[in-house]
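[1] sequence below, structure please.
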Amino acid sequence: MNEYDSDKMSDVMGAAQGYEPTNNVEEADLILFNTCSVREKAQEKVFSDLGRIKHLKKKGVQIGVGGCVASQEGAAIIERAPYVDVVFGPQTLHRLPQLLEQRVTLGRPQVDISFPEIEKFDHLPAAKVQGGTAFVSIMEGCSKYCSYCVVPYTRGEEVSRPFEDVLVEVAGLAAQGVVEVNLLGQNVNAYRAPLSSSLGSTGQIADFATLLEYVAEIPGIERIRYTTSHPNEFTQSLIDAYDKIPQLANHLHLPVQHGSDKILMAMKRGYTALEYKSTIRKLRAIRPNLSVSSDFIVGFPGETDDDFNRMMKLVDDIGYDTSFSFIYSPRPGTPAAALEDTTPHEVKLARLQKLQATIDASVEQISASRLGTVQRVLVEGPARRTPNALFGKSECNRAVIFPGSHDLIGKMVNVHINDAPMRQLGGVVVA
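    Coordinates of the predicted model:
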């Protein structure tokens, strides 16, 4: 989501005022920070980075802070860093040119962290991409209110984009050569929108599975990914989509957060470990080689050794291809921030290291199992560390390095895997 929003900020400023990106901050006329408040360290990094570019203000540089930290802190950012010119939230990035103009006209910093629902998509310039893959945001916000999560407070309630708007954007991307789309949302499988009259709607509400079916029908779209999904919204129709839609990538990121029902209840996740495993079991009955990744929070308040062991059992049962795991970080304003936490940090760190070591072993085993297979790879560009080689992503979302000419970039190729380091694959193109 942050990568998508950053690209849109660049698009908006380019279309409205002719700005172009620069890799040299010393040359910049405008510096924008797109921020995240999911974890404390990321939030504090914003103010640290602001301090590092403060000296550029003397050269007339304008500075803006956007994203979730901006939404959470609002005018407090100006109080802490008065040299910031504009503060804007994820839902108001399209107003950035106007905010900067008002900053000059009115002579004071501007703050707009409102939630104007889906307005921003009506004001963003047409998507322009280079390469074969693109992000498409289909909804904003989250209404789950997990006890540890700040997202509903910084991005607002769930709001789905109009059904036909999504299809028009995807079709436009396909016309530019995009073959893979990644549908985005804080809770992407909660998507619900009326079918438009042009599609023969009779008041029917389209769910996420329906949207996937329509996207798959767009000429040129060969692969569909999505993130991030929620176990509670993983309906039977979405499970069935893995049987009906071959373009759906053979990879699923489905955050579980924990394996103890007690902790899941305290997190207000709304499902049990057994229900989560049941969803994965149904999916693998359709796609036996489905690659699964997830998110884990270690050291949530009240977590005991038994709770942690239940998490480890779930990890063993599922067999994850990768994961994102962190020690719990209390976020201001969330219910979990008020919970008593008596577990020493050293214990939490030891648990995290054990979890990550176990998943690393699973990743290594899964990589080895792909030796000798042929993987369908979308070529994304030159490999950074391997001369005369290309880089791409397999259907199972694993990085693949292989020799090839640059005219393959943006295309799908078949690669025979003959090397399997832990987190990437190597091979040669085959017919």
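
[2] which residues of the stretch 51-200 of the chain score low on pLDDT?
    117-121, 123-128, 197-200 (pLDDT under 70).

[3] looking at the chain, which helix is longest?
    helix 345-369 (DSSP state H).

[4] now do the closest residue to residue 155 other than its chain neighbours against residue 166, distance only.
    Excluding the flanking residues, the one nearest residue 155 by Cβ to Cβ, 6 or more residues apart in numbering is residue 141, at 4.8 Å. No exception for glycine: its C-beta is placed from N, CA and C like everyone else's. As judged by Cβ to Cβ, to the nearest Å, residue 141 and residue 166 stand 16 Å apart.

[5] rewinding a little: give the next helix or strand downstream of the longest helix of the chain.
    For helix 345-369, the succeeding helix or strand toward the C-terminus, using DSSP states H and E, is strand 374-382.

[6] show me the contact partners of that next one.
    For strand 374-382, the external contacting residues (Cβ atoms under 8 Å, 6 or more residues apart in numbering) are 131-133, 179-180, 223, 389-396, 398, 400, 402, 404, 406, 408-417, 425, 427, 430.

[7] what's the spacing between residue 177 and residue 319?
    36 Å.

[8] same question, residue 72
    On the measure of Cβ to Cβ, residue 72 and residue 319 end up 36 Å apart.

[9] so what's the residue count around residue 32?
    21 (other Cβ atoms under 10 Å).

[10] what of residue 96?
    For residue 96, the number of neighbouring residues by other Cβ under 10 Å comes to 23.

[11] distance check, it against residue 323.
    The value you get for residue 96 to residue 323, if Cβ to Cβ is used, is 35 Å.

[12] next: residue 11.
    Applying Cβ to Cβ to residue 11 and residue 323 gives a distance of 32 Å.

[13] these two: which has the busier surroundings?
    Taking other Cβ under 10 Å, residue 11 and residue 323 do not tie; residue 323 has more neighbours (22 against 18).

[14] give the buried residues for stretch 258-271.
    258, 259, 260, 261, 263, 264, 266, 267, 269, 271 (16 or more other Cβ atoms under 10 Å).

[15] oh, I was asking about stretch 309-325
    Counting neighbours by 16+ other Cβ under 10 Å, one finds that the buried residues in stretch 309-325 are 310, 311, 314, 315, 318, 320, 321, 322, 323, 325.

[16] quick one: end-to-end distance for that stretch.
    The straight-line separation of the ends of stretch 309-325 (Cα to Cα, to the nearest Å) is 15 Å.

[17] equivalent analysis for stretch 139-149, please.
    18 Å.

[18] tell me which residues of it are tucked away?
    139, 140, 141, 142, 144, 146, 147, 148, 149.

[19] for those, which one is nearest residue 103?
    residue 140 (25.2 Å; Cβ to Cβ).

[20] which residues pair with the closest one across the strands?
    Applying DSSP bridges to residue 140 gives these bridge partners: residue 159.

[21] wait, it sits on residue 186?
    Yes: counting by Cβ atoms under 8 Å, residue 140 does reach residue 186; the two are 7.3 Å apart.

[22] if I look at those two, which residues touch both of them?
    With Cβ under 8 Å, 6+ apart as the test, residue 140 and residue 186 both reach 155, 158.

[23] circling back: nearest to residue 62, of the buried residues of stretch 139-149?
    residue 140 (26.0 Å).

[24] ok, the closest one - contacts?
    Contacts of residue 140 by Cβ under 8 Å, 6+ apart are 90, 91, 117, 118, 155, 156, 158, 159, 161, 185, 186.

[25] are we agreed that residue 57 is in a strand?
    No: going by DSSP: H, G, I helix; E, B strand; the rest coil, the assignment for residue 57 is helix, not a strand.

[26] could you number the chain from 540 rather than 1 from now on?
    Let's use 540 as the start, then, which means that last one is residue 596.

[27] for residue 541, grab phi and psi.
    In terms of degrees, to the nearest 10, the main-chain angles of residue 541 are phi -70, psi -40.

[28] what's it in contact with, if anything?
    573, 575, 606.

[29] for the last one, give its distance to residue 589.
    Which is residue 606. For residue 606 relative to residue 589 (Cβ to Cβ), the value is 13 Å.

[30] among the two, which residue is more densely surrounded?
    Between residue 606 and residue 589, counting by other Cβ under 10 Å, residue 606 is the more crowded of the two (27 against 18).

[31] look up which residues are beta-bridged to that one.
    residue 574.
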